[in-house]
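K.L.:
Requesting a structural model of the entry that follows:
(chains A and B)
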Amino acid sequence: MAVTWIHPGFIYIFGALLIPLLKGKARQAYIILLPILALTDILLMALGVFGELPLKTWEIPFLKYTLMLGHVDNLSVFFAFLFIIVSLAMFVYAVHVKEEWQHVAAFLYIGSTLGVVFAGDLFTLLFFWEVMAWASLFLIWYRKTEASRGAGFRYILVHSFGGICLFAGVVLQLQATGGNIAWGFGSLVNPVTGGLDLAGTMILIAFMINGAVPPLHAWLSDAYPEATVTGTVFLNAFTTKSAIYVLLRAFTGYEALMWLGAIMAVYGIIYALIVNDIRRVLAYHIISQGGYMVAGIGIGTGLAVGGAIAHALCYTMCKTLLFMAAGAVLAATGTAKMSDLGGLYKYMPKTFWMWMIGAASISGFPLFAVFVSKPLVIESAVFAGQPWPWLLLEIASAGTFLCLAVKIPYLTWHEREKPANIVAHDPPLNMMIGMGILAILCIGVAVYPYAMYNMITPAVEELASEVGSFEHYIAHPYAPKIVVELTMFFLFAFPAFWWVLRKPFRHREPKMALDLDWLYRISGKWVIWFCEKPLMAFATFIDRNVLKMAAFFVWVGRNPAEALRIKGEETRLKTQRLISTSEKARDYESGLEGARVRFPGELPKLGLGASLLLIILFLVVYLLVYVLGV
Amino acid sequence: MGIDRSMLIKLYYLCLIVVVIAGLAVHFMPAPEAHEGAVPHEEGHEEVAHEAEEGFWWLDIPLFAAGFAFVSGVILLALSKLGVYPLLKRDEDYYEEHSFKKGGEQ
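P.N.:
Numbers count the residues shown, from 1 in each chain, chains lettered A, B, ... in the order given. Just a heads-up that it's a prediction; the model follows:
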């Protein structure tokens, strides 16, 4: 008997509805249970319980189209697995949060991300894309500060623009394909020219916004650090990685992405090195690490695509671990700004070691997560004969190590004594367990990477033109040359900070760094000023005069002949005042006053001929205006 | 701090020496595939393996990774902290100050 496929996203979405009804331990158990159910579901999916992959299921008629909520293939199963396993650790970390609606928002956010992953048509993709943006907004607003409110508004404005681009792309795609709404079965890149049509361009812009590809990235570093402690942990994993997923589906081999990815990697790390808030450092670092995946997608070979997919898993786990450790610092001390921190090791040693596991993993130390993913992308640039992308990716790699494994641990946990005004202690048990799960996974995936590689290989075969380079590399991920060279790389990068440039970094300043959000934050204020001042004054002027004019026409309409006579008299009075005696003028004035008091008086009775004359007169005036174009 | 700093530094120097020797060893030793009795490439992988051995010419310089890591680290840190940061740094309330509500009419 065939078993019906269950959409894991719906476990999160419908599961979220019960959360407000539960209290205390029951709610906490339920919050952990839902990701476990989804994990079971995805494992059954991978084992083929619901049928051999690829599956096309959950088809729903909508207008004249058929929506497909379940397009299940190797790539979607891999990304769903990644999202679910990370979400399990996240919910353990966040289970103590008392605001039930924050949990609901997180569940809707993850559920809609899974909706995007399994979308088999453009409408379903668009729907879940929008739900994802709105659900994630509440994780920012729940911080309930002035800064989070503003950041949330900017976040949703940018994502609404992205949604509009996606909608426009969908409409154009429908027009171009004659109503075919299928999605995710082929690249949008023209195989002959290697370019994109307008629909593809619009869709790419939407994906680039969610992927935080510069210059469309500033929403990320603006909004993520303003979210709640646990909200940022959730936010870091889903929006950008779902963008990587859709880019893999539609734009693998699009060369521009290789360049954008390489620039992104360096751009992100430069900002990560100079900003003061640890969570903002990590936010910029999302952009930097996203660059490796985007570059891998752009290079498009088997090794590059395999590296990008593997990096999505490895990097998400260690970045989430780092956000959790940073969140633990924020929760304990009330600040995540390095200018206010220092000397925390004595008070938060467990959090420090969790951070170090995350930092070693994201740097790519042997036996730590990213060692089995990032070098694949960098190596693919060598194979593809692309020296500049290779150079930028390697430089960003050195920056990642110096920033996350050297600078932040030094300034936050070691340098100087802890400032007296902050309280510091390791976080509660559930937060430590959440971090512990990810720390184990970060090491586990690197110690035995073949489980991950075996899951990825079929997806690489589906996406890339050749898989030989990928299969060759993964046969020896711990080749002595790779291990020694990477170890050497980190050991020799260390003195660049410690011996050469430690001093300027020790000078801590509570400053922020301008980024491209300046363009819309400052120009936005000018737009608001323009709307509030000159535009409003103009609108009031128009409003007042239109009302005056309307009142005049109402007045005239009560007795047009008498009204015209009064207006004529008023004109005559003005003339009389100029040319005749004041006595005569006063006579006119009193006559006029009488006429005003009598107004409207008895209405004149117009005959049919006079009415007709008036109509003809009106038509002639209209015709003149029309012909002369006045 | 609870960690003996001088011991860590000695350990670091030791690691540097070991990794440099190991780096030279893997650089000058023939690749494992070329050894007699080594497992041959799987079918279809020969071309890929050959391509992998080619790479960029500078990757064949002994201990290139060490020099590159140090130089790129210095350049990146100097560029960001001494080049970019002074240009872009602003007070934390920069956007509030430029707000028309708080900062008065502008």
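
K.L.:
C-alpha only now, for contacts and for neighbours.
P.N.:
OK.

K.L.:
What's the local residue count around residue 22?
P.N.:
You didn't say which chain, so I picked chain A. 14 (other C-alpha atoms under 10 Å in any protein chain shown).

K.L.:
that's the other chain; I wanted chain B
P.N.:
18.

K.L.:
For it, what is the enclosing helix or strand?
P.N.:
helix B:5-28 (DSSP states H and E).

K.L.:
Checking the nearest residue to residue A:306 once chain neighbours are set aside next. Helix, strand or coil?
P.N.:
Excluding its sequence neighbours, the residue lying closest to residue A:306 (C-alpha to C-alpha, 6 or more residues apart in numbering or on different chains) is residue A:460, at 5.7 Å. Under DSSP: H, G, I helix; E, B strand; the rest coil, residue A:460 falls in the helix class.

K.L.:
now do residue A:144
P.N.:
Per three-state DSSP, residue A:144 ends up coil.

K.L.:
How much space separates it from residue A:332?
P.N.:
Between residue A:144 and residue A:332 the distance is 18 Å, computed by C-alpha to C-alpha, to the nearest Å.

K.L.:
of these two, who's got more company?
P.N.:
More crowded of residue A:144 and residue A:332, by other C-alpha under 10 Å: residue A:332, with 18 against 14.

K.L.:
Residue ranges of each domain in chain B, please.
P.N.:
Here the domain parsing of chain B from automatic domain parsing is B:1-60, B:63-106.

K.L.:
circling back to that earlier point, separation between the residue nearest to residue A:306 and residue A:74?
P.N.:
Residue A:460 is 9 Å from residue A:74, by C-alpha to C-alpha.

K.L.:
so what's the backbone phi/psi at the closest residue to chain B within the stretch 151-300 of chain A?
P.N.:
Across the stretch 151-300 of chain A, the shortest distance to chain B (C-alpha to the nearest C-alpha) belongs to residue A:270, at 5.4 Å. When read as degrees, to the nearest 10, the backbone of residue A:270 gives phi -60, psi -50.

K.L.:
residues touching it, list them.
P.N.:
By C-alpha atoms under 8 Å, 6 or more residues apart in numbering or on different chains, the residues touching residue A:270 are A:399, B:76-77, B:79-80.

K.L.:
Report the separation between residue A:490 and residue B:73.
P.N.:
10 Å.

K.L.:
Please read the previous query as pertaining to residue A:301.
P.N.:
29 Å.

K.L.:
what's the answer for residue A:550, then?
P.N.:
Taking C-alpha to C-alpha, one finds residue A:550 at 73 Å from residue B:73.

K.L.:
okay, the two: which has more neighbours?
P.N.:
residue B:73 (29 against 12).

K.L.:
Show me which residues of the one helix or strand that one maps to are buried.
P.N.:
Assigned by DSSP H and E, residue B:73 belongs to helix B:64-78. For helix B:64-78, the neighbour count (16 or more other C-alpha atoms under 10 Å in any protein chain shown) marks B:65-66, B:68-74, B:76-78 as buried.

K.L.:
For it, name the packing helices and strands.
P.N.:
helix A:255-274, helix A:387-400, helix A:480-495 (3 or more C-alpha pairs under 8 Å, 6 or more residues apart in numbering or on different chains; DSSP states H and E).

K.L.:
Got the domain ranges for chain A?
P.N.:
A:1-250, A:252-507, A:533-628.
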